[in-house]
Structure formats: C-alpha cells, structure tokens
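# The following block contains a protein sequence and its predicted model.
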Amino acid sequence: MAMSRRTWLIGGTAAGLVAAGLARPGDRGGAHDAYFAGLAKALAPLPAQPTLVIDRARLKANLAAIRQQARHPLRVVVKSLPSLGLIDAALADWRSDRAMVFNAPQLALVATERPAVKMLLGKPLPASAAAWVLDNVPAERRAPERIEWLVDSAERLAEYRALARAKNLPLRINLEIDVGLHRGGVEDEAALAPLLELIRGEPLLRFAGLMGYDAHLAAIPDLPGARSGAQAEAARRYAALLALARQRLGPPAGPWTLNAAGSPTFHLHDASSSANELSVGSAAVKPADFDKPSLAALQPAAFIATPVLKDLGDFRLPRGVEWIAGAARAWDVNQRRAFAMHGGHWLADPASPPGVQPSGLYGPSSNQQVLVASPSTALKPGDWLFLRPRQSEAVLLQFGDLVVVDEGRIVDRWPVFPASA
Ligand SMILES: Cc1ncc(COP(=O)(O)O)c(C=O)c1O
C-alpha cells in the first residue's frame, strides 16, 4: 500500500526530531578541575586583570623532555619564547648557548643582554636591518663570530657583501635552503653554486653553514607515502646541498652550523640527519597549535588568566535580534548563560572552567568579550577564567610581565620583550 503524503510528513518529522535530539549538545559545564583551581588560588594576590601565567614546573618538565628526545644540540627559538626568563630556562636546561632570532630588535636585545649567546637568524633580514644592528649594538656585543646572518639569494648576498665592505667588517653567512617547505631559500645545487662562489670570492664573507626548516613534514596529511616521501626528499636535498658546499669550499676551519627543524619536527632528526643542531621554541610552553602526537609527552605551560567582569544572566543578543539568542538558549544548554570577561579576542581558546566558549553569535571584543556557558558552570564576577594560547610568539607579548607560578604560588615575574614583529 502506498504511504499517504500525511504519513510521510509525520514519519519525516518524527525522524527529524529524533536526529535533532541525538545531535542536541549535552551539558559541558562544570567547575575548574584541581589543576586550574590551584592556579586560580595562586593568582589570588594579583589585581584581577588579564595576566599571562607560566607554570614553571610544567615548563621545566617540557624542557627536560625535549632535551631527552632531541638527538642533536638544541637552539632556542627566541620569537616563540619572547622573554629572557623563558630563554634562560631553555638555555640552561638544554646546556645551550645558541639562539635563533627573527628580527633586528630581538637580535639587538639578546646580543646586548646575553653576551655568551651565539645567534643565527631564522629569516633573512634586509641588509638595512642588519646595518641597523651593526650601528646600534655596541661593537663588543656584536662581534662577527657571534652572529650568523641568514641569506636566501644571490641578490641578498650581494647586499650583505656591500654592507661588509662598507663597514669593513667580516660577516658570517648562513644560507637558507629549501628542503620542501617552499617558503624561500636555495632549492638545488644550480642555485647554491653561485652563492658559494660569491662567498669564496669575498674575504669579508665567511660561510657559516646551512639552515633548512622543515615544518611542512608535520603539516602534510599522513596519506600513504606522502609524509615519508617528503621526509626522504628533505633529507636528500639537505645532504646534496651540504655535499656541494663541502666540495666548493673545502673542509671548514671550524664546525659549520647545520640547522634544521622546529617544535613539530625535531623528533624526526636522528643520527642519520645532515643537521647537527635543531631549533625548538614553542614546544617548551606548548600552545594549542602544537598538540601533535610527537609532542604528546609535553603539557601546556602558558595560560591567559582573566577575570569574569559581569554575570550577564540569560544569554541575550542585542535588541532587535533577541529571538535568535532565545532559540540558541532553548537548543543548547551550553549557550543558556552569558558572562563578560575582561579583554578577549586573543589568539587563544577557553581552557577552564569547562564548557565556557566565546559566543558565535555575539561578535568578538578585545575589550569585554561575551562568553556563553551552561548554568552548571559556576562563575561569578572576579573569578579567574583560563584560556590557552594557540601560539606563543604574538600572545606572550600582550600582557606585560609573565607571572611565574610554582607549587601553588607566584614565584617570579619575567618581563617580556618590547612588542616587535
Ligand atoms: C626557521 C625556523 N626554525 C625553527 C622554527 C621553530 O620554532 P618553534 O619551535 O617555535 O615552532 C621556526 C618557526 O617559525 C622557524 O621559522
């Protein structure tokens, strides 16, 4: 017997309701767990305003785990740990005197404040920025052997040669090689050869080594063969370009710097790697973008703590579209209540208490962001909320001194670098 149109409609509606019922969000609300309750207690003496908290015990454990996992000496990525406190902790645990710097102000700062540290640029600066460093850092702090300038092309090398000649100053040159990331650098022997010749022909330029960043190896999908193929190709390119450098320049007077990797890829470099040192920064505090299987042993060690400013009661949208919030409240228990927090719109996501989230309906705000939550989330004005940064390099610079917590209390404050990009 053919089903009537009415039967279809009733059946369809019932099925729709069942499906909707299944998809309806459950209550994700709750209170801080013991870890965040402990952090909140430690922060009680602070004025309630957005604060970047470093968990020192977790930082130390992360640094030790990275050291144990790394098969080569480590170089600290300064931009990802933009505070001398963090950098010192990493240098000490890793027994390292090497830093990777990414702009002239941070280079000048590290050069001045940490005279024992040797620096490699992590990106090729315009020669004018290098000139600024040479002009602004006292000569005894920027001795030529302390800085390896990164160069990616013949044009830039010619600029650095002109700079060296103009200042009559030897410059150490590290060449950026493209091992597959395709973010610049020398890709093959034909492109490398003229750079090596240029260095050989200029007594003021000293070849210091190679830098081949390989972040793509952790980002490409793990389709059969895709990742392992890219890894083999990266290794092959590094080895081929190094072989050419050895052939053209002869045996080095001192060891070359053969840099590779970053937080998501340092574990890929074993004894067979051409690299003889590995760069790591972010993993030490493990922002959310670094939730990778290879870093599973590490724990998040940096959080934004910010106070709840207002309990807004029922979640409401502005006059005129209030009904939309009504539908959201009725549908999703996790959108039933609303709070305003102090600040917001950071590159960070709520971490605790559970179930608190930025409203997807109420626009973001850097001033007072509206968050929604379930009624089972116990929060009142003045309580601390915690957010986890997605990355460290920009977020850590936004809150003034880092507040260092250990064993349930504030143990230190670490100034951050002046903002720079
Ligand atoms: C050249 C280079 N090396 C290494 C890194 C790794 O830094 P992190 O360990 O913070 O991911 C970066 C990050 O951008 C980089 O650009």
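Perfect, thanks for sending it.
# secondary structure class for Arg319?
In terms of secondary structure, Arg319 is coil; the call rests on DSSP: H, G, I helix; E, B strand; the rest coil.
# For Ala325, see how far away it is.
If you measure Arg319 against Ala325 using CB to CB, to the nearest Å, the figure is 11 Å. All C-beta spots, glycine's among them, are computed from the backbone N, C-alpha and C.
# Which of these two has more residues huddled nearby?
Ala325 (21 against 6; other CB atoms under 10 Å).
# Can you give me the distance of that one to Pro255?
The spacing between Ala325 and Pro255, counted by CB to CB, is 64 Å.
# before we move on, what about Pro381?
Noted for Pro381: a distance of 59 Å to Pro255, by CB to CB.
# Comparing the two, which residue is more hemmed in?
Between Pro381 and Pro255, counting by other CB under 10 Å, Pro381 is the more crowded of the two (13 against 10).
# for that one, helix, strand, or coil?
Secondary structure assignment for Pro381 (three-state DSSP): coil.
# okay, it: pLDDT?
Listed pLDDT for Pro381 reads 97.
# Please list all residues in contact with it.
Residues touching Pro381, when contacts are defined by CB atoms under 8 Å, 6 or more residues apart in numbering, comprise 307-311.
# do Ile54 as well
Per CB under 8 Å, 6+ apart, neighbours of Ile54: 85-86, 285, 301-302, 402-405, 414.
# Quick check, the residue in this structure closest to the ligand?
Nearest to the ligand in the chain, going by CB to the nearest ligand atom, is Gly262, at a distance of 2.7 Å.
# Go ahead and confirm that residue touches His269.
No: contact between Gly262 and His269 fails when scored by CB atoms under 8 Å: they sit 10.8 Å apart.
# where does the stretch 1-150 of the chain come near the ligand, residue by residue?
77, 80, 100, 122 (CB under 6 Å from any ligand atom).
# For the second one, give me its contacts.
Neighbour list for Ser80: 263, 281-282, 284, 391-393 [criterion: CB under 8 Å, 6+ apart].
# Now name the helix or strand holding Val76.
For Val76, the element it lies in under DSSP states H and E is strand 74-77.
# Sorry, slip of the keys, the one I care about is Phe36.
Using DSSP H and E, Phe36 sits within helix 34-42.
# What residues of that helix count as buried?
Burial within helix 34-42, assessed by neighbour count using 16 or more other CB atoms under 10 Å, is assigned to 36, 38-40, 42.
# Return the set of residues that bridge with Gln369.
Note on Gln369: beta-bridge partners by DSSP bridges are Met341.
# now it: how far from Ala130?
To Ala130, Gln369 is 41 Å away according to CB to CB.
# quick one, what contacts the closest residue to Ala215 other than its chain neighbours?
Nearest residue to Ala215, sequence neighbours excluded (CB to CB, 6 or more residues apart in numbering): Gly262, at 5.4 Å. By CB under 8 Å, 6+ apart, Gly262 lies in contact with 77, 213-215, 279-282.
# quick one: which of those has the most company?
Neighbour counts for the contacts of Gly262 (other CB under 10 Å) peak at Val280, which has 29 neighbours.
# quick one, phi/psi of it?
Dihedral angles of Val280 (phi, psi; degrees, to the nearest 10) stand at phi -150, psi 140.
# these two touch, right, it and Ala261?
Yes: under the contact definition of CB under 8 Å, Val280 touches Ala261, with a separation of 7.3 Å.
# could you say what helices and strands the helix ranked longest in the chain packs with?
Among the elements of type helix in the chain, defined by DSSP state H, the one spanning the most residues is helix 226-249. Contacts defined by 3 or more CB pairs under 8 Å, 6 or more residues apart in numbering; DSSP states H and E place helix 226-249 against helix 189-200, strand 205-212, helix 216-219, strand 257-260.
# so what's Leu109 scoring on pLDDT?
Model confidence at Leu109, given as pLDDT, is 97.
# contacting residues around Pro45?
The contact partners of Pro45, by CB under 8 Å, 6+ apart, come to Ile410.
# Tell me how far it lies from Trp414.
Where Trp414 is concerned, Pro45 sits at a distance of 17 Å (CB to CB).
# Would you confirm that the residue nearest to Ala215 belongs to a helix?
No: with three-state DSSP as the criterion, Gly262 is coil rather than part of a helix.
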